[in-house]
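Predicted structure and sequence below. I'll ask about it afterward.
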Amino acid sequence: MWTPDEIPDLTGSTAVITGASGGIGVPTALELARHGARVVMTARDPDRGRAALEAVRAAAPGATAEVRALDLADLRSVRAFADTVDGPLELLVNNAGMGPMSRRTTADGFETQFGVNHLGHFALTGLLMPRLLAASAARVVTVSSDAHSLGAIDFENLGLERGYGMFSAYSRSKLANLLFAVELQRRADASGAALLSLATHPGMTATGILKPGALTRPFNALMRLVAQPVAKGARPSLYAATSPEARGGQYIGPGPKVLRPSPKALDEAVAARLWERSEALTGVRFGEIRQH
């Protein structure tokens, strides 16, 4: 079974990890830094970000890591962060995520789970694409979930103003993650860019993604009993990010092993339409993906 000990030497490479202040983001950052990458950890909460950075530095003395502010629920923050990233970028891990919650909206008016989990990462990836393509070989890893199989993309109700359900909204955002990851690989292949795009499913992990509440309390109690530790939950992301065996377009789950996503995640027409709507909503256009 693959373990993080098999990660190759990453010296000279730069990695950006969203949501690296908790959950599987911390062990993902730790292992990449431990194997030589310069790691940029992002955090919405400065205090949690600093605490996570201290934990990484304590566990990997001499590692090159830093934390920067990024709020995926605000496209101004996404643009501001992207402007701070310089030089070639070998790895982007779209890890941050919002779990099921009562309906809220982002600073830009998007339903929060869709706005953070999909649109924020879509915009960030597009803004960082020149940096990714400046690398000789780059990877984009987007964390999805097996919940994607329960999701549906309703283009007539994309903001879920009608019939909102916290778990259906979460599933829809995770389906959008997978549709995006696979479509990004299609576009990279079509243009001949040396870019790999993969999606992952961490498995049932004690990440604390669900906020305490009457509706989520029973689920949180179950998670504490049966969920795996975050270090194991990070393994699919680490494998997708670093393994020479990983291939673009794959969906990597616990093991790590290659999973077969729901057929709805492979619907090219839906993926292309979602891409177009995402560009229109965020104002971020990828253009033709070509290596620089």
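Thanks, I have the structure now.

if we look at the helix or strand hosting residue 15, which residues are touching it?
Element membership of residue 15 [criterion: DSSP states H and E] is strand 14-17. Strand 14-17 is contacted from outside by 25, 28-29, 32, 37-42, 85, 87-93, 95, 128, 241, using C-beta atoms under 8 Å, 6 or more residues apart in numbering. (C-beta placed from N, C-alpha, C; glycine too.)

what packs against the helix or strand just after it?
Counting by DSSP H and E, the element after strand 14-17 in chain order, helix or strand, is helix 25-34. Helix 25-34 is packed against strand 14-17, strand 38-43, helix 46-59, strand 91-94, helix 230-233, helix 235-242, with contacts defined by 3 or more C-beta pairs under 8 Å, 6 or more residues apart in numbering; DSSP states H and E.

Go ahead and produce PDB holding the CA coordinates of the longest one.
What that stands for is helix 46-59. The C-alpha trace of helix 46-59 is given here as PDB (Å, rounded to 0.1, in the frame of the first residue of the first chain):
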ATOM      1  CA  PRO A  46      -5.200  34.100  10.500                       C
ATOM      2  CA  ASP A  47      -4.900  32.600  13.900                       C
ATOM      3  CA  ARG A  48      -5.700  29.100  12.700                       C
ATOM      4  CA  GLY A  49      -3.300  29.600   9.800                       C
ATOM      5  CA  ARG A  50      -0.400  30.600  12.100                       C
ATOM      6  CA  ALA A  51      -1.100  27.600  14.400                       C
ATOM      7  CA  ALA A  52      -1.100  25.200  11.400                       C
ATOM      8  CA  LEU A  53       2.200  26.700  10.100                       C
ATOM      9  CA  GLU A  54       3.800  26.300  13.500                       C
ATOM     10  CA  ALA A  55       2.700  22.700  13.600                       C
ATOM     11  CA  VAL A  56       4.200  22.000  10.100                       C
ATOM     12  CA  ARG A  57       7.500  23.700  11.100                       C
ATOM     13  CA  ALA A  58       7.700  21.800  14.300                       C
ATOM     14  CA  ALA A  59       7.100  18.400  12.600                       C
END
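
and residue 49, what is it in contact with?
Shown in contact with residue 49 (C-beta under 8 Å, 6+ apart): 20-21, 41-43, 67-69.

Output the below-cut-off pLDDT ranges for the stretch 101-250 of the chain.
For the stretch 101-250 of the chain, the stretches with pLDDT under 70 are 205-228.
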